[in-house]
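In: the following comprises the amino acid sequence and a computationally predicted model.
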Protein chains: 4
Amino acid sequence: MKSEKSIFKKFRQKAHIIIYGTNTVYGRLFDLFLLVVILLSVVLVMLETVQGFDTKYHDQVVFLEWSITIFFTIEYFLRVISINKPFKYIFSFYGIIDLIAVLPMYLSLFLTGTSVLTIIRAFRLIRLFKILNHPQFTGQSLHLKEAMLASRGKIVVFIYFVLISTVFIGSIMYVIEGPESGFTSIPTSIYWTIVTLTTVGYGDISPVTPLGQFVASFVMVLGYGIIAVPTGIVTAEMAKTNRKHPEINKKNPCANCGTEDHYTDAEFCYNCGNILRND
Amino acid sequence: MKSEKSIFKKFRQKAHIIIYGTNTVYGRLFDLFLLVVILLSVVLVMLETVQGFDTKYHDQVVFLEWSITIFFTIEYFLRVISINKPFKYIFSFYGIIDLIAVLPMYLSLFLTGTSVLTIIRAFRLIRLFKILNHPQFTGQSLHLKEAMLASRGKIVVFIYFVLISTVFIGSIMYVIEGPESGFTSIPTSIYWTIVTLTTVGYGDISPVTPLGQFVASFVMVLGYGIIAVPTGIVTAEMAKTNRKHPEINKKNPCANCGTEDHYTDAEFCYNCGNILRND
Amino acid sequence: MKSEKSIFKKFRQKAHIIIYGTNTVYGRLFDLFLLVVILLSVVLVMLETVQGFDTKYHDQVVFLEWSITIFFTIEYFLRVISINKPFKYIFSFYGIIDLIAVLPMYLSLFLTGTSVLTIIRAFRLIRLFKILNHPQFTGQSLHLKEAMLASRGKIVVFIYFVLISTVFIGSIMYVIEGPESGFTSIPTSIYWTIVTLTTVGYGDISPVTPLGQFVASFVMVLGYGIIAVPTGIVTAEMAKTNRKHPEINKKNPCANCGTEDHYTDAEFCYNCGNILRND
Amino acid sequence: MKSEKSIFKKFRQKAHIIIYGTNTVYGRLFDLFLLVVILLSVVLVMLETVQGFDTKYHDQVVFLEWSITIFFTIEYFLRVISINKPFKYIFSFYGIIDLIAVLPMYLSLFLTGTSVLTIIRAFRLIRLFKILNHPQFTGQSLHLKEAMLASRGKIVVFIYFVLISTVFIGSIMYVIEGPESGFTSIPTSIYWTIVTLTTVGYGDISPVTPLGQFVASFVMVLGYGIIAVPTGIVTAEMAKTNRKHPEINKKNPCANCGTEDHYTDAEFCYNCGNILRND
C-alpha cells in the first residue's frame, strides 16, 4: 500500500518535471515534441477541409487524428494529476483550451453533423503563444509588449475616432451611391468604408458616380494619411523603450561634472576630461 | 407668482447640473444614458437601410424612433432653457447639430419623400466626439492633437505635392490608356491615380497596355514610398512630444514651486532652483 | 526717340516688378491671379475629356481656352522682354514648360488630330510647384527636402534591392502560374509582383494554384514588412532634422557645469542649480 | 616548357586582376561590362516570354542568347583557373549560381522540353547583389543591414504572432463563410486572411455574409494597426543607429588617438582624454 503510493508519488513527480519543467532535458524534449504534435494536428485540420484530400487519405487522417487526440487526452490527465492544485489548472485559460481542443473528436463519435466542431481543434494553436514565454523570446516580446501597453491609451482614442468617422462616411456614401452601386445598406457602406480606409480595396463594392468617386478619393487620402497615427504612436513608444534600455551607458555619470551619456567603452568624460569609473 | 418663479429657477438649476455637469453623479449618469441613446439611435438609422429589416420590425422601429426623437427634443429645450446664454448654445456647433438631428423626423410628418433626410439623424454621432473631452481621454487626445497640429505645416506641403502629382499622372495615364481601358476621362484617371497611389487598388479600373502597366508600376512604387513621408512627419513630432512630457517626470514635482516636468536625472528644479527629492 | 525708349524701359521695369516680384502688392496679386488662371486652365483640360461636357458647353470652353492661351502668350512675351537675360529664362526649366503649355493650342489651328497634344496644357500644373518657394511654405518644405536628401543614399539601395527582388519573384511566379492564370509573360508577372508587393492588389491578375497562392502570401508579407524600411529611413532622418532644430534650448549651456538640454523656460540648471543666463 | 608555364602564370595573374579586382581600371571596366551583359541577359529572358516577340525576333534572340552563354562560360572557366583555391569558388554560393545560370542553355541542345529551365538564367540577377559590396554603396547598405539585424529578434516574434493569428482567423472565416463564398478550404481561407491582413485585397475572394464582412472589417483594422509594429521596430532601430553614427561626429577625430565618433559638444576625447579641437 505504502509503496504503491510512493510509486504514484514518484510517477507524479516525474510527470510534473517532464510536462511543466522547461529547464530539464526531458522537459525541453517534451515541449519540442508537443510543438511538433500541435503543428501536425493543425495541419491535419487544415488539410481535411481541402477537397479531394479527405477522400484520398481518409483512413490515414482518421488514424492520425485519433492518435493525436488520445495523446492530448493522456497529456491532459497527466497535467491534472501531476499538479498540486488541479482545479486551478482545469479552470485556467490554457486548461480550458486543452479540454475544448480534445472534446470535439469524442463528440463526433456519438453525434453526427459535428464536423464543424472539429475545427475547434485549431484552438490548440493558442498554446503556441505559450512558447513566447520561453527565455530566448522573453526579452524581445516583453520589449514589444511594453511599447504596446504604453501606447494603449492613444490607440483607443484613435480607434474611437476612426470608428465614428467610419459610420459617418458610410452613411454619406449610402446616400450618394445608393443600392444600385452595391451600397445596399448603411452597414454594407460602413464595410466598404473600412475596406477603403484601411487601403485593402477588394473592389467588390466600388463607387460609380462622380461624386461618390470624389468622396471615395477623399476617404482614401484620409486612410493613407491616418495610417501615420498608429505608426507614429507605436514608433515613438518603441524609441522611448529603446532609450530606457540603451546600449549607451546611462549608469555611469562622470564623478566630476555629472554628465551621463557616455559610450559604454568611454574611459574619459567628453565634457571635462575626468577619468570615468567603469564598473 | 414668486414661488412659481423660484420653482422654475430651481428646476433650471437642476436641469443645468444634470445636463451640463460632468462631475456630479446625476450628470455622469445622464451622460452615460445620452451615450446609449445616441448609439441606439445610430444603430436604428443603420438597420432601417437593411433590406427586410424595416418591413419585419416596422412598428417597433417607428415607436423607438419617435421615442428617441421626443427624448432629444426635450433634451434640446432643456439645454436651451437651463443655460444662461441660450443663443450662444443655439448657434454653437453642437447646438446646430442637436437641432438638425431632430428636425428630419418632424419634417417626415408633413412631407413625403424625405426618407433620405432621416439619415441626417446619423449626425448625432458627432456628439460622441464630445466624449473625448472627458477627463480619462483628455491627456491622450491632447497628446495626439499636439503632434497633429505641430506637423500641420509639413502635411499641407505634402498633400499639395501629392495633389499636383495626382492630376499630372492622371492626365498622362488618360493619354496612354484611353477610354477603352476604363480611363474614360481625366477626372476618372485621377480617381484611378488616387486609388493606386494610396495602395487601395480596387481593380475596377486597371491598366491593360504594357506602357500603362509600366507607368502604373512606377505610381505604385511612388505611393509605397511616399507613405513614409506622413508617417515620418507624425512619428517625429510624436517622439518630440514624448520627449517634452516623459512619463517619469510626472512623479517628481518640485516641493517648492510644484513644477512637474523635470528630467529624471534633474537634481534641481529648473524653475526655482530648489533641490529635488529623488526617491 | 529717347522718350519712347524710356517709356519702354519704364514699362519693362513695371512688368518685371509685377511678374517676377513677390514682395510688392502688385506682384502678389499677379501671382494669385496666375494661380487662379492655371487652376482654371487645368480644370478646363480635365473637363474637356469628360464625355458629354464638351458637346454641351463647346462654345464656352473654346472661348475660355483661347482667352487663357492668349493671356499666357502675353505673359510669356512679357517674361521674355522684362528680364535682363531673356535666353536664360527661355531655356530654363520653367521657360520651356511655359512655352510647351501654350504651343498645342496654336498648333491645333493648323493641324488636325492634335487634340491629344492639347493635354500638354496640363503641364502648367508644374508651375504650381514654384509656389512652394513662397515664404510661408519655405520653412516646412525645406525641412522635408532636407530629410529626403539625407535619406537619398539609403533609399537608392532599398529600391535597387526591391527591383531585383521584383524581377526574381516575377520570373518564379511566371513558371509557377503560367499564362492560363493571367501571368502571360515575365513582364506581366513583374507587374503583378509590384501590384502585390506595394499592397495595391488590383485583382486583375491573381494566383489560382495552391503553390502560387503560397508564394504570393510570402510576397505579401514581404511587402507588408519592407514598407517599414522607407518609413524607418525617412522617420529617422526627420527625427534627426528635428533634433537639429529643437525647441529645447541647446544654445544655453549651464555656465557652471556645462549641461545643455534645458527647457527654454528654465531659469535654473537642473543639474547643479546654477542660475542660467537667458538671452 | 618553362616559358609556357610563365606565360600561363602571367595570363592567370592578368585574368585574376581583371575578374576579381575592383580597384584597377580594367577590373572596374570588366565589372561594368558584366553588369551590362547580366542586365541584357535578364531582359532577353523576360522578352522571350512575351507572346509575339519570340516569333518575330527568333534568330536575333537565339544569337544573342548563345553569345551571352558563351561569354559567361568563358568567364566561369577564367574564374576557376585564375583563383588559387578553385574548389572554394566552385562550391561557393556565387560559384554555384554562375554554373546554374549557364547550364540550361547547353541542356536545351540535348533535351527537348527544357524551355522552362532556361528561366533559371534569371538567377544571374542574384549576382547584381554583389554590387552592394562596392564602396559607394557599402556605407548605406551597412547602415540598413545593422538596423535590420538589430531588429531581427523582435521581427521574428512579430511574424510568429501574425502567422498564428492568420491560421486562427482563416479557420474562423472558413466556418463563417464556407465554400460557396470562395472560402473553399482552410488553406484558401488563410490565403484570404493574408491578402486582407497585409491590405493587399485582390478581391478574388471576399466575404459576402454580414457576419463574414464584420469579421473581415476587424481583420482589416487589425492589419492596418499592426503594420505599425514592424515600422516601429525598424524605425526605432534606425534612429538608434543614426544616434550611434551621427554625421557631425565624423568631422572631429581626436588628434591623439584618432577616435572619431565624438558628440558634437564633446570637449575631451572619451578614449584618451585628450582635448579636442572644436572648429
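Out: It's in.

In: can we go C-alpha only for contacts and neighbour counts from here?
Out: OK.

In: ok, which stretches of the stretch 1-150 of chain A are helices?
Out: For the stretch 1-150 of chain A, applying DSSP state H, counting those that start in this stretch gives helices covering A:2-20, A:25-48, A:53-56, A:58-82, A:86-90, A:93-110, A:135-177.

In: and the contacts of the very next helix or strand once past the last one?
Out: Scanning the chain past helix A:135-177 towards its C-terminal end, the next helix or strand to appear is helix A:186-197 (assignment: DSSP states H and E). When contacts are defined by C-alpha atoms under 8 Å, 6 or more residues apart in numbering or on different chains, helix A:186-197 is touched by residues A:166-167, A:169-171, A:173-174, A:183, A:201-202, A:205-206, A:216, A:219-220, A:222-224, B:46-47, B:49-50, B:200, D:213-214, D:217, D:220-221.

In: again, but for stretch A:218-238
Out: Residues contacting stretch A:218-238 (C-alpha under 8 Å, 6+ apart): A:144, A:147-148, A:150-151, A:154-155, A:158, A:193, A:196-199, B:194-195, B:198, B:200, B:227, B:230-232, B:234-236, B:238-239, B:242, D:224-225, D:227-229, D:231-233, D:235-236.

In: give me that answer again for 6 Å
Out: When contacts are defined by C-alpha atoms under 6 Å, 6 or more residues apart in numbering or on different chains, stretch A:218-238 is touched by residues A:Ala147, A:Leu197, A:Thr198, B:Thr198, B:Pro230, B:Thr231, B:Val234, B:Thr235, B:Ala239, D:Ala228, D:Gly232.

In: which of the contacts of helix A:186-197 are buried, as a ChimeraX select command?
Out: If you want just the buried ones from these in ChimeraX, going by 16 or more other C-alpha atoms under 10 Å in any protein chain shown, the selection is:
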select /A:166,167,169,170,171,173,174,183,201,202,205,206,216,219,220,223,224 /B:46,47,49,200 /D:213,214,217,220,221
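
In: now distance to D:Tyr20 and mean pLDDT too, for the helices of the stretch 1-150 of chain A, in CSV please.
Out: Formatted as CSV, the helices of the stretch 1-150 of chain A follow (distance: least, C-alpha to C-alpha, whole Å; pLDDT from 0 to 100):
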stretch, distance to D:Tyr20, mean pLDDT
helix A:2-20, 56, 80
helix A:25-48, 46, 86
helix A:53-56, 53, 83
helix A:58-82, 56, 90
helix A:86-90, 65, 88
helix A:93-110, 59, 85
helix A:135-177, 41, 80
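
In: with adjacent residues omitted, what lies nearest to A:Tyr89?
Out: A:Gly95 (5.4 Å; C-alpha to C-alpha, 6 or more residues apart in numbering or on different chains).

In: cool, A:Ala101 as well?
Out: Per C-alpha to C-alpha, 6+ apart, closest to A:Ala101 is A:Arg121, 4.4 Å.

In: shaky segments in the stretch 151-279 of chain A?
Out: For the stretch 151-279 of chain A, the stretches with pLDDT under 70 are A:241-274, A:276-279.

In: which bits of it sit near chain B?
Out: A:Lys154, A:Ser185, A:Ile186, A:Thr199, A:Val200, A:Gly201, A:Tyr202, A:Gly203, A:Tyr224, A:Ala228, A:Gly232, A:Ala236 (C-alpha under 6 Å from any C-alpha of the partner chain).

In: reformat the contacts of stretch A:218-238 as JSON lines; add distance to A:Phe63 and neighbour count.
Out: Formatted as JSON lines, the contacts of stretch A:218-238 follow (distance: C-alpha to C-alpha, whole Å; neighbours: other C-alpha atoms under 10 Å in any protein chain shown):
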{"residue": "A:Ala147", "distance to A:Phe63": "45", "neighbour count": "23"}
{"residue": "A:Leu197", "distance to A:Phe63": "47", "neighbour count": "28"}
{"residue": "A:Thr198", "distance to A:Phe63": "44", "neighbour count": "30"}
{"residue": "B:Thr198", "distance to A:Phe63": "50", "neighbour count": "30"}
{"residue": "B:Pro230", "distance to A:Phe63": "55", "neighbour count": "25"}
{"residue": "B:Thr231", "distance to A:Phe63": "53", "neighbour count": "27"}
{"residue": "B:Val234", "distance to A:Phe63": "56", "neighbour count": "32"}
{"residue": "B:Thr235", "distance to A:Phe63": "54", "neighbour count": "33"}
{"residue": "B:Ala239", "distance to A:Phe63": "57", "neighbour count": "23"}
{"residue": "D:Ala228", "distance to A:Phe63": "44", "neighbour count": "21"}
{"residue": "D:Gly232", "distance to A:Phe63": "46", "neighbour count": "30"}
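
In: re earlier: distance of the residue nearest to A:Tyr89 relative to A:Leu128?
Out: Going from A:Gly95 to A:Leu128 by C-alpha to C-alpha, to the nearest Å gives 14 Å.

In: how about A:Gly201, secondary structure?
Out: Of the three states, A:Gly201 takes coil according to DSSP: H, G, I helix; E, B strand; the rest coil.

In: which ones are touching A:Arg183?
Out: Arg isn't right for residue A:183; it's Phe. Contacts of A:Phe183 (C-alpha under 6 Å, 6+ apart): A:Tyr174, A:Ser189.

In: list just the nearest of the contacts of stretch A:218-238 to C:Pro179.
Out: Nearest to C:Pro179 among these: B:Thr198, at 29.0 Å, using C-alpha to C-alpha.

In: ok now stretch A:207-224, how far from the chain's centre?
Out: Centroid separation for stretch A:207-224 versus its chain: 34 Å, with C-alpha atoms, centre = their mean, to the nearest Å.

In: try stretch A:78-91
Out: Worked out by C-alpha atoms, centre = their mean, stretch A:78-91 lies 25 Å from the chain centre.

In: ends of it, what's the gap?
Out: 15 Å.

In: contacts for that stretch, please.
Out: By C-alpha under 6 Å, 6+ apart, stretch A:78-91 touches A:Arg12, A:His16, A:Gly95.
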